[in-house]
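Participant: Give me coordinates for this.
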Amino acid sequence: MYNCIVVGAGPSGGSASYHLAKRGRSVLLLEKESLPRYKPCGGGVSPMVQEWFDFDFSPAVSLTVSNIRYTWQMGDPELVELTSKEPVWMVRRDVFDHYLVQQAQKLGVELRDRTGVTGLEWKSDRWLVKTEQEVFEARYVIAADGAKGSMAKWLGFKERKRRMGAALEVEAPHSSPDVSAAHFDFGSVQNGYIWNFPKADGYSIGAGTFIGGEKQNLKEIAARYAQEFGIDVTSMKQFGHPICLWDGNQPLHTQNALLTGESACIVDPFTAEGIRPSLLTGMLAGQAIDAAIGGDIDALKQYTLQVQEAWGEDMAWAQRIAGIFYRIPSFGYKMGVKRPSASQRMGKILCGELRYRDVAGAAVKRLAKGLIGMK
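Facilitator: Residues are numbered from 1 along each chain as shown. Below you'll find the model as predicted:
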């Protein structure tokens with residue numbers, strides 16, 4: 001019997017496994033796909049996550065960018081140089097996620113990929129985790145199987161508070177991509193934006209909508225945007241996927257089990273940032289279960305409270321900003337992007353050097369004035 005079974009080998013599952021194994025706990029990591037596996041994702045990561053791990057992530061980083069280029073409906077560009085301590089990482093998820101799992105394996109984590117979970121059963125003092133091949137036992141489980149996973153439902157989280165977004169992405173190879181900046185375009189997508197995140201060997205181009213508007217033709221919009229970079233994506237495979245956006249604090253713990261990552265609905269409702277909070281919740285979950293194994297009867301409850309304090313308080317501000325910004329995107333672009341100081345602050349938020357709560361009050365007031373003025 002294992003101390004803990006982690007279901008899902010994305011950033012939160014890899015992080016939880018690593019931090020549990022680091023503390024000497026026996027961990028089984030289950031992943032339904034074969035690793036390394038492709039995962040549609042822009043792949044922008046704050047370098048601050050390095051602080052949570054004692055190994056070097058640089059082998060898993062495709063490149064770094066120190067500039068963000070914004071456009072409004074593919075025109076009116078604004079180039080902003082980030083003043084953060086370190087440039088933003090651009091990663092490919094197949095490389096990044098697998099690298100994290102490999103570090104966990106070095107500490108003793110047992111990986112079973114190509115192993116989908118088919119059900120759960122609580123029996124006396126342990127979880128029975130059922131797969132097509134066999135049944136595994138553990139005192140604790142961590143659900144890290146993402147937006148489309150079934151673990152949360154099986155664990156009894158039937159009424160999770162979540163706001164669903166949608167994204168469509170394509171990986172566009174390029175022999176010499178422009179790596180000078182990450183690109184965001186506002187105004188072309190209702191209630192969202194388009195992005196182009198460069199990698200060493202191409203671009204990750206996508207379009208997402210975060211507060212409704214899922215019926216837009218994201219494929220057509222992304223294809224038109226890709227042409228701005230000399231890319232024809234019409235013959236490339238495009239990946240659509242749901243996004244579990246934060247929509248209020250909620251319990252993330254139950255009987256000897258925790259939710260992490262998108263299973264915990266922790267994606268930023270304004271920017272759709274998901275990798276950093278996934279790594280954070282994975283780390284906190286690993287620490288909590290280690291404490292529970294050590295006899296702390298409140299450890300899992302404290303995990304929920306920790307996530308709410310470390311992430312939820314900021315996401316409440318992010319949700320308020322998103323609700324106003326995406327209703328009046330032209331004014332939001334003028335006040336939140338074209339103003340250099342606002343862009344610098346947003347860059348620091350993306351890099352983890354500022355929190356929404358530090359600056360959001362003033363931002364909401366400015367956006368709200370614009371909304372009132374347009375009525």
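Participant: Check the chain for its longest strand and report it.
Facilitator: Longest strand of the chain, by residue count under DSSP state E: strand 162-173.
Participant: C-terminal to it, what's the next element?
Facilitator: strand 182-186 (DSSP states H and E).
Participant: Just name whatever secondary elements that next one is in contact with.
Facilitator: Helices and strands touching strand 182-186, as assessed by 3 or more C-beta pairs under 8 Å, 6 or more residues apart in numbering; DSSP states H and E, comprise strand 67-72, strand 192-199, helix 329-336. Every residue, glycine included, has its C-beta placed from N, CA and C.
Participant: Check these for me and report the most buried one.
Facilitator: strand 192-199 (a mean of 24; mean count of other C-beta atoms under 10 Å).
Participant: thinking again about what came up before, in its sheet, what does the longest strand of the chain sit against?
Facilitator: strand 202-209 (antiparallel), strand 239-246 (antiparallel) (DSSP bridges).
Participant: now, of those, which is deepest in the fold?
Facilitator: strand 202-209 (a mean of 25).
Participant: quick check: angle from that strand to strand 192-199?
Facilitator: 170 degrees (axes from the mean of the first three to the mean of the last three C-alpha atoms, to 10 degrees).
Participant: related to what we said a few turns ago, looking at the helices and strands packed on strand 182-186, which has the lowest confidence?
Facilitator: When those are compared on mean pLDDT, helix 329-336 scores lowest, with a mean of 82.
Participant: That one to strand 192-199, inter-axis angle?
Facilitator: Using the same axes, to 10 degrees: helix 329-336 against strand 192-199 is 60 degrees.
Participant: nearest residue to T209 other than its sequence neighbours?
Facilitator: G192 (3.7 Å; C-beta to C-beta, 6 or more residues apart in numbering).
Participant: let me fix that: A167
Facilitator: Spatial nearest neighbour of A167, excluding adjacent residues (C-beta to C-beta, 6+ apart): G208 at 3.8 Å.
Participant: Which residues are in contact with that neighbour?
Facilitator: 165-168, 189, 192-195, 218, 243, 272 (C-beta atoms under 8 Å, 6 or more residues apart in numbering).
Participant: partners of it in the sheet?
Facilitator: Bridge pairing for G208 - DSSP bridges - gives A167, Y193.
Participant: one step back: isn't the residue nearest to T209 up against G165?
Facilitator: Yes: the pair G192 and G165 qualifies as a contact (C-beta atoms under 8 Å) at a distance of 7.3 Å.
Participant: Spell out which residues are contacts of both of these two.
Facilitator: Joint contacts of G192 and G165 (C-beta under 8 Å, 6+ apart) are 208-211, 272.
Participant: burial measure for the closest residue to R69 other than its chain neighbours, as a count.
Facilitator: Nearest in space to R69, with sequence neighbours left out and distances taken as C-beta to C-beta, 6+ apart, is A181 at 4.3 Å. Residues contacting A181 under the criterion other C-beta atoms under 10 Å number 20.
Participant: so A181 makes contact with P77?
Facilitator: No: taking contacts as C-beta under 8 Å, A181 lies outside contact range of P77: 9.9 Å.
Participant: Now for the two: what residues contact both?
Facilitator: Applying C-beta under 8 Å, 6+ apart, one finds that A181 and P77 are jointly contacted by R69.
Participant: quick revisit: for S124, find the nearest of the helices and strands packed on strand 182-186.
Facilitator: Between S124 and the helices and strands packed on strand 182-186, the shortest gap by C-beta to C-beta is with strand 192-199, which sits at 47.0 Å.
Participant: Let me see the contact set for the residue nearest to the spatial centre of the chain.
Facilitator: The centre of the chain sits closest to G274, judged by C-alpha atoms, centre = their mean, with a distance of 1.2 Å. Residues near G274 by C-beta under 8 Å, 6+ apart: 41, 243, 261-262, 266-268.
Participant: Apply 6 Å and report the result again.
Facilitator: Listed by C-beta atoms under 6 Å, 6 or more residues apart in numbering, the contact set of G274 reads V267.
Participant: Check the gap between it and G146 for me.
Facilitator: Per C-beta to C-beta, to the nearest Å, G274 is found 10 Å from G146.
Participant: Now do the SS call for Q105.
Facilitator: helix (DSSP: H, G, I helix; E, B strand; the rest coil).
Participant: Give me the neighbour count for it.
Facilitator: Neighbour tally, Q105, other C-beta under 10 Å: 17.
Participant: excluding its backbone neighbours, what's nearest it?
Facilitator: L111 (5.9 Å).
Participant: Likewise for K22?
Facilitator: L107 (5.7 Å).
Participant: sorry, back to before: how about JSON lines for the helices and strands packed on strand 182-186, with distance to A342 added?
Facilitator: Shown next, in JSON lines, are these (distance: least, C-beta to C-beta, whole Å):
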{"stretch": "strand 67-72", "distance to A342": "11"}
{"stretch": "strand 192-199", "distance to A342": "16"}
{"stretch": "helix 329-336", "distance to A342": "5"}
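Participant: and L300, which of those is closest to it?
Facilitator: Short answer: strand 192-199, nearest of these by C-beta to C-beta, at 34.5 Å.
Participant: helices or strands up against the closest one?
Facilitator: strand 182-186, strand 202-209 (3 or more C-beta pairs under 6 Å, 6 or more residues apart in numbering; DSSP states H and E).
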